[in-house]
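A.B. asks: Here you go, sequence then predicted model.
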Amino acid sequence: MHFARTLRAAGLPVGPGRVLDAIRATETVGIGNRQDFYWALHATLVNRREQQEIFDQAFHIFWRNPRLLERAMAMLLPQIRGSAESGEDQAEMSRRLAEALARESGGEGRGEQEQEEKVEVDAVMTYSDRELLQRMDFEKMSTAEMAKAKRLIAAMRLPIMALPTRRFRPDPLGRRIDMRASLRAALRSADSIPLRRRIPRRRHPPLVILCDISGSMSRYSRIILHFMHAITNDRDRVHTFLFGTRLTNVTRYLRHKDIDVALEKVGQTVDDWSGGTRIGKCLADFNNHWSRRVLGQGAVLLFISDGLDRDAGEGLAKEMERLHKSCRRLIWLNPLLRYDGYEPRSMGARTIMPHVDEFRPVHSLESLADLTRVLSAPGRRRLEAKSEWVEALRA
(Lines give C-alpha, C1' and ligand atoms only; values in the text may rest on other atoms or scores of the structure.)
Protein backbone atom coordinates (compact mmCIF):
# COMPACT_ATOMS: atom_id res chain seq x y z
CA MET A 1 0.00 0.00 0.00
CA HIS A 2 2.87 2.39 0.72
CA PHE A 3 4.42 1.53 -2.64
CA ALA A 4 1.10 2.27 -4.40
CA ARG A 5 0.86 5.54 -2.50
CA THR A 6 4.34 6.48 -3.75
CA LEU A 7 3.33 5.76 -7.34
CA ARG A 8 0.16 7.82 -6.92
CA ALA A 9 2.15 10.75 -5.54
CA ALA A 10 4.48 10.50 -8.54
CA GLY A 11 1.54 10.88 -10.92
CA LEU A 12 0.41 7.34 -11.77
CA PRO A 13 -3.39 6.77 -11.56
CA VAL A 14 -3.26 4.02 -8.92
CA GLY A 15 -6.61 3.68 -7.17
CA PRO A 16 -7.84 1.31 -4.47
CA GLY A 17 -9.02 -1.21 -7.06
CA ARG A 18 -5.54 -1.55 -8.54
CA VAL A 19 -4.01 -1.87 -5.08
CA LEU A 20 -6.34 -4.80 -4.31
CA ASP A 21 -5.47 -6.39 -7.67
CA ALA A 22 -1.75 -6.00 -6.87
CA ILE A 23 -2.22 -7.70 -3.50
CA ARG A 24 -4.09 -10.63 -5.11
CA ALA A 25 -1.41 -10.93 -7.81
CA THR A 26 1.32 -10.97 -5.13
CA GLU A 27 -0.51 -13.67 -3.19
CA THR A 28 -0.72 -15.71 -6.39
CA VAL A 29 2.91 -15.48 -7.58
CA GLY A 30 4.53 -15.09 -4.15
CA ILE A 31 7.60 -13.04 -3.22
CA GLY A 32 10.25 -15.71 -3.59
CA ASN A 33 11.28 -14.58 -7.06
CA ARG A 34 12.01 -10.87 -7.49
CA GLN A 35 11.34 -10.91 -11.23
CA ASP A 36 7.92 -12.52 -10.78
CA PHE A 37 7.12 -10.01 -8.04
CA TYR A 38 8.15 -7.14 -10.36
CA TRP A 39 5.97 -8.24 -13.26
CA ALA A 40 3.00 -9.02 -11.03
CA LEU A 41 3.00 -5.43 -9.76
CA HIS A 42 3.73 -4.11 -13.26
CA ALA A 43 0.72 -5.95 -14.73
CA THR A 44 -1.66 -4.52 -12.13
CA LEU A 45 -0.32 -0.98 -11.59
CA VAL A 46 0.85 0.09 -15.08
CA ASN A 47 -1.46 0.54 -18.05
CA ARG A 48 0.41 3.01 -20.29
CA ARG A 49 3.82 2.81 -21.90
CA GLU A 50 5.04 6.17 -20.54
CA GLN A 51 4.36 4.97 -16.97
CA GLN A 52 6.81 2.08 -17.28
CA GLU A 53 9.99 4.08 -16.68
CA ILE A 54 8.82 5.74 -13.48
CA PHE A 55 7.43 2.42 -12.19
CA ASP A 56 10.78 0.77 -12.87
CA GLN A 57 12.64 3.47 -10.93
CA ALA A 58 10.19 3.40 -8.05
CA PHE A 59 10.27 -0.40 -7.77
CA HIS A 60 14.02 -0.74 -7.58
CA ILE A 61 14.43 2.18 -5.19
CA PHE A 62 11.46 1.39 -2.95
CA TRP A 63 12.30 -2.31 -2.60
CA ARG A 64 16.04 -1.50 -2.25
CA ASN A 65 17.90 -3.80 -4.58
CA PRO A 66 21.60 -3.40 -3.59
CA ARG A 67 22.77 -4.18 -7.13
CA LEU A 68 20.99 -1.14 -8.55
CA LEU A 69 22.92 1.64 -6.79
CA GLU A 70 23.70 3.22 -10.15
CA ARG A 71 19.99 3.49 -10.93
CA ALA A 72 19.33 5.18 -7.58
CA MET A 73 22.20 7.64 -8.14
CA ALA A 74 20.88 8.33 -11.63
CA MET A 75 17.51 9.25 -10.15
CA LEU A 76 19.08 11.66 -7.67
CA LEU A 77 21.20 13.43 -10.32
CA PRO A 78 18.82 12.86 -12.26
CA GLN A 79 20.04 10.80 -15.21
CA ILE A 80 18.58 7.46 -16.26
CA ARG A 81 20.03 4.73 -18.42
CA GLY A 82 18.32 2.06 -20.41
CA SER A 83 15.42 4.10 -21.81
CA ALA A 84 14.51 5.08 -25.35
CA GLU A 85 12.97 8.37 -24.21
CA SER A 86 14.70 11.72 -24.31
CA GLY A 87 16.93 12.97 -21.47
CA GLU A 88 14.53 15.79 -20.73
CA ASP A 89 11.62 13.41 -20.15
CA GLN A 90 13.81 11.20 -17.95
CA ALA A 91 14.77 14.13 -15.75
CA GLU A 92 11.17 15.21 -15.38
CA MET A 93 9.99 11.74 -14.34
CA SER A 94 12.86 11.37 -11.90
CA ARG A 95 12.02 14.68 -10.28
CA ARG A 96 8.39 13.58 -9.82
CA LEU A 97 9.52 10.31 -8.24
CA ALA A 98 12.03 12.06 -5.97
CA GLU A 99 9.29 14.38 -4.71
CA ALA A 100 6.97 11.42 -4.13
CA LEU A 101 9.63 9.56 -2.13
CA ALA A 102 10.40 12.73 -0.16
CA ARG A 103 6.72 13.10 0.65
CA GLU A 104 6.59 9.49 1.87
CA SER A 105 9.54 10.17 4.18
CA GLY A 106 7.69 13.15 5.68
CA GLY A 107 9.82 16.10 4.61
CA GLU A 108 10.22 18.60 1.83
CA GLY A 109 13.51 19.02 0.02
CA ARG A 110 15.65 21.90 1.20
CA GLY A 111 16.76 22.67 -2.31
CA GLU A 112 13.17 23.35 -3.40
CA GLN A 113 12.68 25.84 -0.54
CA GLU A 114 15.91 27.63 -1.46
CA GLN A 115 14.78 27.76 -5.07
CA GLU A 116 11.45 29.29 -4.01
CA GLU A 117 13.31 31.96 -2.02
CA LYS A 118 15.51 32.72 -4.99
CA VAL A 119 12.53 33.03 -7.32
CA GLU A 120 10.86 35.49 -4.98
CA VAL A 121 13.95 37.75 -4.92
CA ASP A 122 15.02 37.60 -8.56
CA ALA A 123 12.39 39.14 -10.83
CA VAL A 124 14.11 37.88 -13.98
CA MET A 125 14.06 34.31 -12.74
CA THR A 126 10.40 34.65 -11.82
CA TYR A 127 9.48 35.71 -15.34
CA SER A 128 11.57 32.92 -16.89
CA ASP A 129 10.04 30.29 -14.63
CA ARG A 130 6.53 31.48 -15.47
CA GLU A 131 7.21 31.45 -19.22
CA LEU A 132 8.54 27.89 -18.99
CA LEU A 133 5.53 26.82 -16.96
CA GLN A 134 3.15 28.21 -19.59
CA ARG A 135 4.48 25.83 -22.26
CA MET A 136 5.10 22.76 -20.08
CA ASP A 137 2.92 19.71 -20.62
CA PHE A 138 0.63 18.96 -17.65
CA GLU A 139 1.75 15.32 -17.73
CA LYS A 140 5.40 16.32 -17.26
CA MET A 141 4.93 18.80 -14.40
CA SER A 142 6.36 18.14 -10.97
CA THR A 143 4.22 18.44 -7.85
CA ALA A 144 5.38 22.01 -7.14
CA GLU A 145 4.85 23.06 -10.78
CA MET A 146 1.38 21.52 -10.76
CA ALA A 147 0.50 23.59 -7.69
CA LYS A 148 1.69 26.77 -9.44
CA ALA A 149 -0.31 25.86 -12.53
CA LYS A 150 -3.46 25.41 -10.45
CA ARG A 151 -2.99 28.87 -8.93
CA LEU A 152 -2.61 30.41 -12.40
CA ILE A 153 -5.69 28.56 -13.67
CA ALA A 154 -7.74 29.85 -10.73
CA ALA A 155 -7.07 33.39 -11.96
CA MET A 156 -8.12 32.68 -15.57
CA ARG A 157 -11.22 34.26 -17.10
CA LEU A 158 -13.09 32.92 -20.12
CA PRO A 159 -14.74 35.64 -22.21
CA ILE A 160 -17.29 34.45 -24.76
CA MET A 161 -18.49 36.76 -27.49
CA ALA A 162 -21.97 38.16 -26.71
CA LEU A 163 -24.64 37.26 -29.29
CA PRO A 164 -27.87 39.09 -30.18
CA THR A 165 -31.02 37.53 -28.73
CA ARG A 166 -34.66 37.71 -29.86
CA ARG A 167 -35.47 40.20 -27.10
CA PHE A 168 -35.01 43.93 -27.53
CA ARG A 169 -34.11 46.92 -25.39
CA PRO A 170 -34.78 50.65 -25.98
CA ASP A 171 -32.11 52.58 -27.82
CA PRO A 172 -32.56 56.04 -29.46
CA LEU A 173 -30.16 55.03 -32.26
CA GLY A 174 -31.75 51.66 -32.97
CA ARG A 175 -32.69 50.64 -36.51
CA ARG A 176 -36.01 49.01 -35.56
CA ILE A 177 -39.06 51.00 -34.49
CA ASP A 178 -40.75 49.93 -31.26
CA MET A 179 -44.43 50.27 -32.19
CA ARG A 180 -45.76 49.58 -28.70
CA ALA A 181 -43.54 52.22 -27.08
CA SER A 182 -44.31 54.69 -29.89
CA LEU A 183 -48.09 54.34 -29.41
CA ARG A 184 -47.74 54.81 -25.66
CA ALA A 185 -45.74 57.97 -26.30
CA ALA A 186 -48.40 59.18 -28.77
CA LEU A 187 -51.02 59.13 -26.00
CA ARG A 188 -49.00 61.74 -24.15
CA SER A 189 -48.53 63.91 -27.26
CA ALA A 190 -51.40 65.63 -29.04
CA ASP A 191 -49.59 66.90 -32.13
CA SER A 192 -47.29 64.07 -33.28
CA ILE A 193 -46.31 60.45 -32.81
CA PRO A 194 -42.74 60.29 -31.47
CA LEU A 195 -40.98 57.23 -32.75
CA ARG A 196 -39.25 54.99 -30.23
CA ARG A 197 -36.48 52.71 -31.41
CA ARG A 198 -34.93 49.52 -30.13
CA ILE A 199 -32.05 47.13 -30.70
CA PRO A 200 -31.63 43.41 -29.90
CA ARG A 201 -30.31 42.54 -26.47
CA ARG A 202 -26.89 40.88 -26.45
CA ARG A 203 -25.95 38.09 -24.07
CA HIS A 204 -23.19 35.53 -23.96
CA PRO A 205 -24.43 32.04 -24.89
CA PRO A 206 -24.42 29.09 -22.47
CA LEU A 207 -21.16 27.15 -22.16
CA VAL A 208 -21.41 23.35 -21.92
CA ILE A 209 -18.36 21.21 -21.08
CA LEU A 210 -18.14 17.45 -21.68
CA CYS A 211 -14.89 16.13 -20.17
CA ASP A 212 -13.45 12.63 -20.48
CA ILE A 213 -12.15 11.24 -17.14
CA SER A 214 -10.96 7.83 -18.36
CA GLY A 215 -7.57 6.39 -17.49
CA SER A 216 -5.87 7.81 -20.58
CA MET A 217 -7.09 11.31 -19.66
CA SER A 218 -6.55 11.18 -15.87
CA ARG A 219 -3.48 13.44 -15.75
CA TYR A 220 -5.25 16.12 -17.80
CA SER A 221 -8.83 15.81 -16.53
CA ARG A 222 -7.82 16.55 -12.94
CA ILE A 223 -6.07 19.81 -13.83
CA ILE A 224 -8.87 20.74 -16.26
CA LEU A 225 -11.31 20.41 -13.35
CA HIS A 226 -9.60 23.42 -11.81
CA PHE A 227 -10.17 25.29 -15.07
CA MET A 228 -13.85 24.31 -15.02
CA HIS A 229 -14.19 25.51 -11.44
CA ALA A 230 -12.62 28.87 -12.32
CA ILE A 231 -14.96 29.61 -15.22
CA THR A 232 -18.03 28.25 -13.40
CA ASN A 233 -17.49 30.76 -10.60
CA ASP A 234 -16.66 33.58 -13.04
CA ARG A 235 -19.83 33.55 -15.17
CA ASP A 236 -23.36 32.21 -15.27
CA ARG A 237 -24.89 29.51 -17.51
CA VAL A 238 -21.94 27.10 -17.39
CA HIS A 239 -22.85 23.39 -17.38
CA THR A 240 -20.22 20.71 -16.74
CA PHE A 241 -20.49 16.96 -17.36
CA LEU A 242 -17.89 14.24 -16.76
CA PHE A 243 -17.97 10.93 -18.57
CA GLY A 244 -16.04 7.67 -18.64
CA THR A 245 -18.28 4.64 -18.71
CA ARG A 246 -21.25 6.77 -17.57
CA LEU A 247 -22.31 10.42 -17.65
CA THR A 248 -22.31 12.57 -14.48
CA ASN A 249 -23.55 16.14 -14.12
CA VAL A 250 -21.22 18.00 -11.71
CA THR A 251 -22.38 21.55 -12.41
CA ARG A 252 -23.77 22.35 -8.98
CA TYR A 253 -20.73 20.93 -7.17
CA LEU A 254 -18.32 23.16 -9.10
CA ARG A 255 -20.30 26.23 -8.06
CA HIS A 256 -18.80 26.07 -4.58
CA LYS A 257 -16.34 28.93 -4.13
CA ASP A 258 -13.85 26.73 -2.28
CA ILE A 259 -12.02 24.56 -4.81
CA ASP A 260 -11.25 21.87 -2.21
CA VAL A 261 -14.91 21.52 -1.24
CA ALA A 262 -15.94 21.44 -4.91
CA LEU A 263 -13.46 18.73 -5.87
CA GLU A 264 -14.31 16.67 -2.80
CA LYS A 265 -17.99 16.66 -3.74
CA VAL A 266 -17.14 15.80 -7.35
CA GLY A 267 -14.96 12.90 -6.16
CA GLN A 268 -17.79 11.56 -4.00
CA THR A 269 -20.27 11.75 -6.90
CA VAL A 270 -18.23 10.32 -9.80
CA ASP A 271 -17.71 6.54 -9.67
CA ASP A 272 -15.81 5.89 -12.90
CA TRP A 273 -12.52 7.77 -12.44
CA SER A 274 -9.60 6.47 -14.50
CA GLY A 275 -11.61 3.63 -16.01
CA GLY A 276 -12.64 2.84 -19.54
CA THR A 277 -14.42 5.12 -22.02
CA ARG A 278 -17.80 4.59 -23.68
CA ILE A 279 -18.17 7.83 -25.60
CA GLY A 280 -21.15 6.79 -27.73
CA LYS A 281 -23.18 5.56 -24.74
CA CYS A 282 -22.42 8.68 -22.67
CA LEU A 283 -23.29 11.04 -25.54
CA ALA A 284 -26.55 9.17 -26.08
CA ASP A 285 -27.36 9.74 -22.40
CA PHE A 286 -26.55 13.43 -22.75
CA ASN A 287 -28.59 13.87 -25.94
CA ASN A 288 -31.62 12.10 -24.47
CA HIS A 289 -31.71 13.74 -21.04
CA TRP A 290 -29.72 16.99 -21.08
CA SER A 291 -29.33 18.31 -24.61
CA ARG A 292 -32.60 20.28 -24.84
CA ARG A 293 -32.11 21.68 -21.33
CA VAL A 294 -28.62 23.18 -21.68
CA LEU A 295 -27.89 23.56 -25.42
CA GLY A 296 -30.43 26.28 -26.19
CA GLN A 297 -29.80 29.92 -27.11
CA GLY A 298 -26.73 29.26 -29.25
CA ALA A 299 -24.72 27.29 -26.71
CA VAL A 300 -20.98 26.69 -27.17
CA LEU A 301 -19.84 23.14 -26.37
CA LEU A 302 -16.32 22.12 -25.30
CA PHE A 303 -15.70 18.41 -25.89
CA ILE A 304 -12.54 17.36 -23.99
CA SER A 305 -11.32 13.88 -24.88
CA ASP A 306 -8.49 11.99 -26.57
CA GLY A 307 -11.00 10.09 -28.73
CA LEU A 308 -10.02 6.63 -27.46
CA ASP A 309 -13.24 4.62 -27.17
CA ARG A 310 -13.64 1.18 -25.62
CA ASP A 311 -16.65 0.46 -27.85
CA ALA A 312 -14.65 1.22 -31.03
CA GLY A 313 -16.99 4.04 -32.06
CA GLU A 314 -20.23 2.06 -31.77
CA GLY A 315 -23.16 4.48 -32.12
CA LEU A 316 -20.78 7.43 -31.90
CA ALA A 317 -21.40 8.90 -35.37
CA LYS A 318 -25.15 9.26 -34.80
CA GLU A 319 -24.74 10.87 -31.37
CA MET A 320 -21.99 13.25 -32.52
CA GLU A 321 -24.11 14.38 -35.46
CA ARG A 322 -27.04 15.11 -33.17
CA LEU A 323 -24.78 16.89 -30.69
CA HIS A 324 -23.28 19.02 -33.44
CA LYS A 325 -26.71 20.06 -34.72
CA SER A 326 -27.89 20.96 -31.21
CA CYS A 327 -25.22 23.58 -30.44
CA ARG A 328 -23.97 26.69 -32.17
CA ARG A 329 -20.29 25.79 -31.94
CA LEU A 330 -18.56 22.52 -31.04
CA ILE A 331 -14.87 22.66 -30.11
CA TRP A 332 -12.90 19.45 -29.59
CA LEU A 333 -10.00 19.80 -27.12
CA ASN A 334 -7.59 16.88 -27.45
CA PRO A 335 -4.31 16.61 -25.43
CA LEU A 336 -2.85 14.29 -28.09
CA LEU A 337 -2.77 17.22 -30.50
CA ARG A 338 0.39 18.38 -28.73
CA TYR A 339 2.28 15.97 -31.01
CA ASP A 340 3.13 17.48 -34.39
CA GLY A 341 2.53 14.24 -36.25
CA TYR A 342 -0.80 13.41 -34.61
CA GLU A 343 -3.35 11.70 -36.85
CA PRO A 344 -6.84 10.52 -35.82
CA ARG A 345 -6.20 6.83 -36.40
CA SER A 346 -8.43 5.37 -33.69
CA MET A 347 -12.00 4.59 -34.70
CA GLY A 348 -13.41 6.95 -32.09
CA ALA A 349 -11.27 9.90 -33.16
CA ARG A 350 -12.03 9.39 -36.86
CA THR A 351 -15.74 9.27 -36.10
CA ILE A 352 -15.69 12.45 -34.02
CA MET A 353 -13.59 14.53 -36.41
CA PRO A 354 -16.21 15.35 -39.12
CA HIS A 355 -18.67 16.66 -36.53
CA VAL A 356 -16.58 19.36 -34.83
CA ASP A 357 -16.11 23.01 -35.75
CA GLU A 358 -12.62 23.40 -34.29
CA PHE A 359 -9.89 21.03 -33.15
CA ARG A 360 -7.44 22.36 -30.55
CA PRO A 361 -4.86 21.02 -28.04
CA VAL A 362 -5.38 21.16 -24.26
CA HIS A 363 -2.13 20.09 -22.62
CA SER A 364 -0.61 23.26 -21.12
CA LEU A 365 -1.42 26.65 -19.64
CA GLU A 366 -0.63 28.23 -22.99
CA SER A 367 -3.24 26.09 -24.76
CA LEU A 368 -5.87 27.12 -22.17
CA ALA A 369 -4.96 30.78 -22.70
CA ASP A 370 -5.33 30.30 -26.47
CA LEU A 371 -8.76 28.81 -25.85
CA THR A 372 -9.90 31.99 -24.08
CA ARG A 373 -8.87 34.04 -27.10
CA VAL A 374 -10.65 31.68 -29.51
CA LEU A 375 -13.93 31.83 -27.60
CA SER A 376 -13.88 35.63 -27.48
CA ALA A 377 -13.87 35.83 -31.31
CA PRO A 378 -16.56 34.71 -33.80
CA GLY A 379 -16.05 31.20 -35.10
CA ARG A 380 -15.76 30.06 -38.68
CA ARG A 381 -18.73 29.04 -40.76
CA ARG A 382 -19.60 25.40 -40.29
CA LEU A 383 -19.44 24.51 -43.97
CA GLU A 384 -15.88 25.79 -44.19
CA ALA A 385 -14.80 23.90 -41.07
CA LYS A 386 -16.47 20.68 -42.24
CA SER A 387 -14.79 20.83 -45.64
CA GLU A 388 -11.38 21.13 -43.96
CA TRP A 389 -11.99 18.06 -41.77
CA VAL A 390 -13.17 16.05 -44.77
CA GLU A 391 -10.04 16.96 -46.72
CA ALA A 392 -7.87 16.05 -43.74
CA LEU A 393 -9.51 12.65 -43.36
CA ARG A 394 -9.18 11.91 -47.07
CA ALA A 395 -5.49 12.83 -46.94
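C.D. replies: Sure, I can see it.

A.B. asks: tell me, how many neighbours does residue 353 end up with?
C.D. replies: For residue 353, the count of nearby residues is 18 (other CB atoms under 10 Å). All C-beta spots, glycine's among them, are computed from the backbone N, C-alpha and C.

A.B. asks: ok, it to residue 346 distance?
C.D. replies: Note on residue 353: its distance to residue 346, by CB to CB, to the nearest Å, is 11 Å.

A.B. asks: can you check residue 64 too?
C.D. replies: Taken as CB to CB, the span from residue 64 to residue 346 is 41 Å.

A.B. asks: Comparing those two, which residue is more hemmed in?
C.D. replies: Neighbours were counted for residue 64 and for residue 346 using other CB under 10 Å; residue 346 has more, 16 against 8.

A.B. asks: And the more buried one, how far from residue 322?
C.D. replies: In terms of CB to CB, residue 346 sits 21 Å off from residue 322.

A.B. asks: Could you do residue 239 as well?
C.D. replies: Distance from residue 239 to residue 322, by CB to CB: 17 Å.

A.B. asks: the more surrounded of those two?
C.D. replies: residue 239 (21 against 16).

A.B. asks: What ranges in this structure fall below the confidence cut-off?
C.D. replies: 65-135, 137, 139-143, 158-160, 377-395 (pLDDT under 70).

A.B. asks: okay, now the domains of it?
C.D. replies: 2-105, 164-203, 207-394 (automatic domain parsing).

A.B. asks: could these be laid out in CSV, adding distance to residue 149?
C.D. replies: Output for the domains of the chain, formatted as CSV (distance: least, CB to CB, whole Å):
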stretch, distance to residue 149
domain 2-105, 13
domain 164-203, 32
domain 207-394, 6
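
A.B. asks: looking at these, which is buried most?
C.D. replies: domain 207-394 (a mean of 18; mean count of other CB atoms under 10 Å).

A.B. asks: Now do the contacts for the residue lying closest to residue 282 once chain neighbours are set aside.
C.D. replies: Closest residue to residue 282 apart from its sequence neighbours, by CB to CB, 6 or more residues apart in numbering: residue 243 at 3.8 Å. Taking CB atoms under 8 Å, 6 or more residues apart in numbering, we find residue 243 in contact with 210-213, 277, 279, 282-283, 286.

A.B. asks: any idea which of those residues is the one closest to residue 12?
C.D. replies: Proximity of these to residue 12 (CB to CB) peaks at residue 213, which lies at 15.9 Å.

A.B. asks: Could you find the closest non-adjacent residue to that closest one?
C.D. replies: residue 221 (4.5 Å).

A.B. asks: Would you agree that neighbour is in contact with residue 304?
C.D. replies: Yes - taking CB atoms under 8 Å as the definition, residue 221 is a contact partner of residue 304 at 7.5 Å.

A.B. asks: Need the overlap of contacts for these two.
C.D. replies: 211-212.

A.B. asks: so where does residue 189 fall, helix or strand?
C.D. replies: Assigned by DSSP states H and E, residue 189 belongs to no helix or strand.

A.B. asks: List phi and psi for it.
C.D. replies: phi -120, psi 130 (degrees, to the nearest 10).

A.B. asks: quick revisit: out of the domains of the chain, which gets nearest to residue 136?
C.D. replies: So among the domains of the chain, domain 207-394 is nearest, using CB to CB, at 6.0 Å.

A.B. asks: Output the contacts of residue 243 as TSV; include the columns distance to residue 153 and secondary structure.
C.D. replies: Listed next are those as TSV, based on distance: CB to CB, whole Å; DSSP: H, G, I helix; E, B strand; the rest coil:
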residue	distance to residue 153	secondary structure
210	19	strand
211	14	strand
212	18	strand
213	17	coil
277	24	coil
279	25	helix
282	25	helix
283	26	helix
286	25	helix
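
A.B. asks: need the contact list for residue 300.
C.D. replies: Taking CB under 8 Å, 6+ apart as the test, what residue 300 contacts is 160, 205-208, 327-329, 331, 375.

A.B. asks: All the strands of the chain, in order from the start?
C.D. replies: For the chain, the strands defined by DSSP state E cover 163-170, 176-177, 197-203, 207-212, 238-243, 247-249, 300-304, 329-333, 358-360.

A.B. asks: can I get those strands in CSV with distance to residue 190?
C.D. replies: Formatted as CSV, these follow (distance: least, CB to CB, whole Å):
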stretch, distance to residue 190
strand 163-170, 23
strand 176-177, 21
strand 197-203, 22
strand 207-212, 51
strand 238-243, 52
strand 247-249, 59
strand 300-304, 51
strand 329-333, 51
strand 358-360, 58
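
A.B. asks: Please tell me how far residue 60 sits from residue 41.
C.D. replies: Distance from residue 60 to residue 41, by CB to CB: 12 Å.

A.B. asks: list the contacts for the residue nearest to residue 213?
C.D. replies: Taking CB under 8 Å, 6+ apart as the test, what residue 221 contacts is 211-213, 242, 304.

A.B. asks: let's go with 7 Å and repeat that
C.D. replies: By CB atoms under 7 Å, 6 or more residues apart in numbering, residue 221 lies in contact with 211-213.

A.B. asks: of those residues, closest to residue 233?
C.D. replies: Distances from residue 233 to those, taken by CB to CB, are shortest for residue 211, at 16.7 Å.

A.B. asks: Does that closest one touch residue 244 like I think?
C.D. replies: No - using CB atoms under 7 Å, residue 211 is not in contact with residue 244; the gap is 9.9 Å.

A.B. asks: now residue 11: how far from residue 54?
C.D. replies: Taking CB to CB, one finds residue 11 at 7 Å from residue 54.

A.B. asks: actually residue 259, sorry about that
C.D. replies: 27 Å.
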